[in-house]
Structure formats: C-alpha cells, structure tokens
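> mind folding the following:
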Amino acid sequence: MKNYIICIVLLLFSTSCLKTSNMKLNLMNEMQQADSLSLLSDNETLSNYTRRKLIPLFHLYDGSKKAKILKYLTKSKEKDNFLLAEELLGENYKDINRCDLATIELISYYNQNSKCSYNTELSQINWNKIYEDDQIYRRLFDKYSNNPRKLDSVAHLAIKQDSLNRKLIKFLIKKHTLNKILDYDCDCSASKSIFFIAQHSDRDVNFRKEVMDNILKLNSYPLDNIAYLIDRQLMNENKKQKFGTQLKFNVDTNKFGSYPIEDMKNIDSLRYEYNLPKLSVYLKYANKLR
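Numbering: from 1, shown residues only. Now for the predicted structure:
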C-alpha cells in the first residue's frame, strides 16, 4: 500500500512537471513567433497576432515580456489597442520596468501610474541630442558603402564624435553617478543614449565595462541592451559571444553571419531569456536590410 501511494505521488509530480514544461515551451514559441513578425512582417499583422495569441497569456509572462507584448500590441497604432495597453499597464505597472516599454506612448501610460520624480539639474541635459550625435555619422555608412574614400572620412568623423560623447558621459556619470541618472530618467532617453555610447566604445573598452558592470547590478535595465553590451565586450576581448548579437559580413556568401558563439545548442533559449528573437530570424532580418 505504501509503495502504491508513493507511485501515485511520483506520477502526479511528473505530470505536473510535464505540464509546467509544456507551458513554458508554449510561451516561448508564441513570443518567438511574435518576434519574427516584428522583424519580418507588417505592424498590423504583428498587432493582430499579439491580440489573438499573446494577450490571453499576458498574465503568465514575466515583466519584461509583458512590456514586449504591449509594444507589439500597439505597433499598428490602432486606438483600441492603445486603450487595452493602457488598461493592462495600469494593472501591471509594478511588474514592468519603464524602459522596457521603449515607446513614448507606453512610457507615458506607465508614468501616469508610477510617478517619476524629476531632478531639475538632470532634466536640463539633452539626452536626445547626445543620442543623435552618436548616430549622425553612422547613418551615412550605408550611403557611402560603395565609396571607400568618403566612407573612410565618415568613419574618422564618427570616431572623433564617439570620443566627444564618451567624454561628456564620463563627466555626467562622475558628477551624478549612473544610478542617479537612471533613477530620474523619466522618458528613458538617458538609458538609451548611454547604452549606444557604451556599445560604440570599442576604443575605450574600460568605459564600456564600467557601464556594463554598473547596470548588471540593477534589476531595471533592458535585458536586450545588456546582451548587446556583453557580446560587444566579449568580442573586443577575442572571446566567443553569448547571445549572437554581433554580426560580420561574409564576402563569399554576400550575407551577414554571427561572430563565434559560445553555446550554439542553447542559443535561442538564451536569446529568449534576454528578449531577443531567434538567431535565424535576427540574421534573416539583418540580411533583409542590406
């Protein structure tokens, strides 16, 4: 009798584990399909899929995934979707990090529920201009890709601007600390600017590592940005990357591929954990942009 009871308990336990495992796999599959639509399809299709497939599962996802679902839901800019997103955000904002939401509209909804305190001195910093200064010359790379002389000139200008950007960010971090800057980052423009400038600091990897080490201690920094910073740093150290975010162009295949990856077998599961699409989808998107 005792052995019979033990067998029943083990059977129930294994059945419960199987159901949990299947549920996790289903959540991952549904989100990865949405990720694919986000990169390779149109906004209306993405929003419709999100409403049909992800919204019913909304309560089962963690906070960062909830933020992604709200972004995908509102991609089509339909009023009903924004109303639903506002409602869901009002009910779940305590689980969601503001900067995971990414869009101005969703961050505004978030701030309606969780008041963000403004710091007078920090609010005077034009973070959007800092971001634009980072991007201004990079936007010309494709334009002059077939003109080596102009491309070289643009690259030199970008390097010079990167140096100026780092100097400014270092000054601001020393004056205010990174934690304080991010605490008062009500529109997430500081988080965005600091990420791109750190990401583009191949000529000052110590600066990137300092930023990365600081944000790894936080629970509120977008996971996908963390993945990009980690991979870029590993690449600069001639190590294999973890997430496959860093790409290289193969002249033989005329396509982008990834730099060497540490664990190819589990890459898509790891990318999912850090809010990144499947590697095959990411590569397809990168080559589509060419």
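> any weak-confidence spans in the chain?
1-20 (pLDDT under 70).
> and the residue nearest the centre of it?
Residue closest to the average C-alpha location in the chain (C-alpha atoms, centre = their mean): residue 224, at 2.9 Å.
> against which helices or strands is whichever helix or strand residue 129 is part of packed?
Secondary structure from DSSP states H and E places residue 129 in helix 127-135. With contacts defined as 3 or more C-beta pairs under 8 Å, 6 or more residues apart in numbering; DSSP states H and E, the packing partners of helix 127-135 are helix 148-176, helix 189-199. Glycine gets a C-beta too; all of them are placed from N, C-alpha and C.
> quick one: distance of that helix to the chain centre.
18 Å (C-alpha atoms, centre = their mean, to the nearest Å).
> same thing with stretch 231-241?
With C-alpha atoms, centre = their mean, you get 18 Å for stretch 231-241.
> quick one on the thing from earlier: wouldn't the residue nearest to the centre of the chain be in contact with residue 276 here?
Yes - using C-beta atoms under 8 Å, residue 224 is in contact with residue 276, at 5.6 Å.
> so what's the residue count around residue 204?
17 (other C-beta atoms under 10 Å).
> how much space between it and residue 232?
12 Å (C-beta to C-beta, to the nearest Å).
> again with residue 48
In terms of C-beta to C-beta, residue 48 sits 35 Å off from residue 232.
> more neighbours: which of these two?
It is residue 232, of residue 48 and residue 232, that has more neighbours when counted by other C-beta under 10 Å, with 22 against 17.
> can you give me the neighbour number for the residue lying closest to that one once chain neighbours are set aside?
For residue 232, ignoring the flanking residues on the chain, the nearest one in space by C-beta to C-beta, 6 or more residues apart in numbering is residue 199 at 5.7 Å. Neighbourhood size, residue 199 [other C-beta under 10 Å]: 19.
> surely residue 199 touches residue 205?
No - judged on C-beta under 8 Å, residue 199 makes no contact with residue 205 at a distance of 11.3 Å.
> next up, the contacts around the residue nearest to residue 232.
208, 228, 229, 232 (C-beta atoms under 8 Å, 6 or more residues apart in numbering).
> for residue 216, state which of those is nearest.
Distance to residue 216 across the contacts of residue 199 (C-beta to C-beta) is lowest for residue 229, with 8.9 Å.
> pretty sure that closest one sits against residue 210.
No - using C-beta under 8 Å, residue 229 is not in contact with residue 210, being 11.1 Å away.
> what do those two both touch?
With C-beta under 8 Å, 6+ apart, residue 229 and residue 210 have no common neighbours.
> which of those two has more residues huddled nearby?
residue 229 (23 against 16).
> quick check: that one is in a helix.
Yes - the assignment for residue 229 (DSSP: H, G, I helix; E, B strand; the rest coil) places it in a helix.
> OK, contacts around it?
195, 198, 199, 208, 211, 212, 215.
> now with 7 Å, please.
Residue 229 sits next to 198, 199, 208, 212 when contact means C-beta atoms under 7 Å, 6 or more residues apart in numbering.
> so what's the residue nearest to the centre of the chain up against?
By C-beta under 7 Å, 6+ apart, the residues touching residue 224 are 274, 275, 276.
> just to be sure, it is in a helix?
Yes - secondary structure assignment places residue 224 in a helix (three-state DSSP).
> from residue 203, how far out is it?
Residue 224 is 24 Å from residue 203, by C-beta to C-beta.
> ditto for residue 50
40 Å.
> okay, those two: which has more neighbours?
Taking other C-beta under 10 Å, residue 50 and residue 203 do not tie; residue 50 has more neighbours (27 against 12).
> make sure that one is actually in contact with residue 71.
No - the criterion here is C-beta atoms under 7 Å, and residue 50 misses it with residue 71 at 8.9 Å.
> end to end on stretch 100-119, go ahead and measure it.
21 Å (C-alpha to C-alpha, to the nearest Å).
> now do the buried residues in that stretch.
For stretch 100-119, the neighbour count (16 or more other C-beta atoms under 10 Å) marks 100, 101, 102, 105, 106, 107, 109, 110 as buried.
> list the buried residues of stretch 31-49.
31-39, 46-49.
> alright, calling it a day.
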